[in-house]
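Enquirer: Take this sequence and fold it.
(chains A and B)
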Amino acid sequence: GAVVSQHPSWVICKSGTSVKIECRSLDFQATTMFWYRQFPKQSLMLMATSNEGSKATYEQGVEKDKFLINHASLTLSTLTVTSAHPEDSSFYICSPRDRYYEQYFGPGTRLTVT
Amino acid sequence: GENVEQHPSTLSVQEGDSAVIKCTYSDSASNYFPWYKQELGKGPQLIIDIRSNVGEKKDQRIAVTLNKTAKHFSLHITETQPEDSAVYFCAASEGSGGSYIPTFGRGTSLIVHP
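Expert: Purely as a prediction, here's the structure:
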């Protein structure tokens, strides 16, 4: 089956610093990547969608300069939270989709900004 | 855009009982309805899905039913076990390839008491 990895699984950083989260599809090619944010006891909120080699499309209200998404290859996408603040603390989940439009989810990254 | 309502938000059952989670959607063009199970601290995992040309689908103890006229679909879990305890999300989308972006319900926290 499809295997998706995310690294790190959890990270604590100080306010004002940047954090990079990596998402890899280990046994399939992700033609599209979705990035979600999930607050405690809430549903998944789509942040942005990216296709390999193209700029990401951000959802309304998501700052593209704060949440940098790179989808440089068919197996790797990164989300960088720049100048993180405590309100950015959340659970970030990547979701790659293969060319057959099957969507999978990574295990998530717990970000805590102090 | 699509709007998905999910009920109940919390469901508590005794081991061995059945559990039913219901979702309604607003966009009549939606034709793909997946269900995801999310355990604490992990990403969602697809457990079953149904397309609009099918009214019911079953996989061992789980089943999904779809009523396109009424625009609602349900997840049924029979003979529940403690390991079924998790948050379940429904989603709806128009599965037309590149434009397919699912809309998620708010989730149902299922608690199965031994």
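
Enquirer: Around chain A, which positions in chain B sit nearby?
Expert: B:34, B:36, B:41-46, B:89, B:95, B:97-98, B:100-102, B:104-107, B:109 (C-beta under 8 Å from any C-beta of the partner chain). Where C-beta positions appear, they are placed from N, C-alpha and C, glycine not excepted.

Enquirer: Could you pick out which of those residues are located in strands?
Expert: Among the residues of chain B next to chain A, DSSP state E puts B:Pro34, B:Tyr36, B:Gln45, B:Leu46, B:Phe89, B:Phe104, B:Ser109 in strands.

Enquirer: what ranges do the strands span in chain B?
Expert: Counting by DSSP E, chain B has these strands, from start to end: B:4-7, B:10-14, B:19-25, B:32-38, B:45-51, B:56-59, B:62-67, B:72-77, B:86-92, B:103-104, B:108-113.

Enquirer: picking up where we left off before, mind giving me the PyMOL command for buried ones among the residues of chain B next to chain A?
Expert: With 16 or more other C-beta atoms under 10 Å in any protein chain shown as the criterion, this PyMOL line picks the buried residues out of the residues of chain B next to chain A:
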select buried, chain B and resi 34+36+42+43+44+46+89+95+100+101+102+104+105+106+107
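
Enquirer: neighbours around residue 26, how many?
Expert: Just so you know, I chose chain A. 9 (other C-beta atoms under 10 Å in any protein chain shown).

Enquirer: think we crossed wires, I meant chain B
Expert: For B:Ser26, the neighbour count with other C-beta under 10 Å is 13.

Enquirer: Tally up the residues packed near the residue nearest to it when sequence neighbours are not counted, please.
Expert: Leaving aside its chain neighbours, B:Ser26 sits nearest to B:Asn3 (4.3 Å; criterion: C-beta to C-beta, 6 or more residues apart in numbering or on different chains). B:Asn3: 11 surrounding residues under other C-beta under 10 Å.

Enquirer: Surely B:Asn3 and B:Tyr25 touch.
Expert: Yes: in this structure, B:Asn3 is within contact of B:Tyr25 by C-beta atoms under 8 Å, at 7.0 Å.

Enquirer: Spit out the residues that contact those two alike.
Expert: B:Thr103 (C-beta atoms under 8 Å, 6 or more residues apart in numbering or on different chains).

Enquirer: Closest residue of chain B to chain A?
Expert: B:Gly43 (3.9 Å; C-beta to the nearest C-beta).

Enquirer: For A:Thr78, see how far away that residue is.
Expert: 17 Å (C-beta to C-beta, to the nearest Å).

Enquirer: Below-threshold pLDDT in chain A: ranges please.
Expert: A:1 (pLDDT under 70).

Enquirer: Helix, strand, or coil at the closest residue to chain B within chain A?
Expert: Relative to chain B, the nearest point of chain A is A:Phe105 (3.9 Å; C-beta to the nearest C-beta). Here A:Phe105 is recorded as coil under DSSP: H, G, I helix; E, B strand; the rest coil.

Enquirer: And for it, the neighbour number?
Expert: A:Phe105: 23 neighbours (other C-beta under 10 Å).

Enquirer: In space, what's closest to it - neighbours in sequence excluded?
Expert: Nearest to A:Phe105 is B:Gly43, by C-beta to C-beta, 6+ apart, at 3.9 Å.
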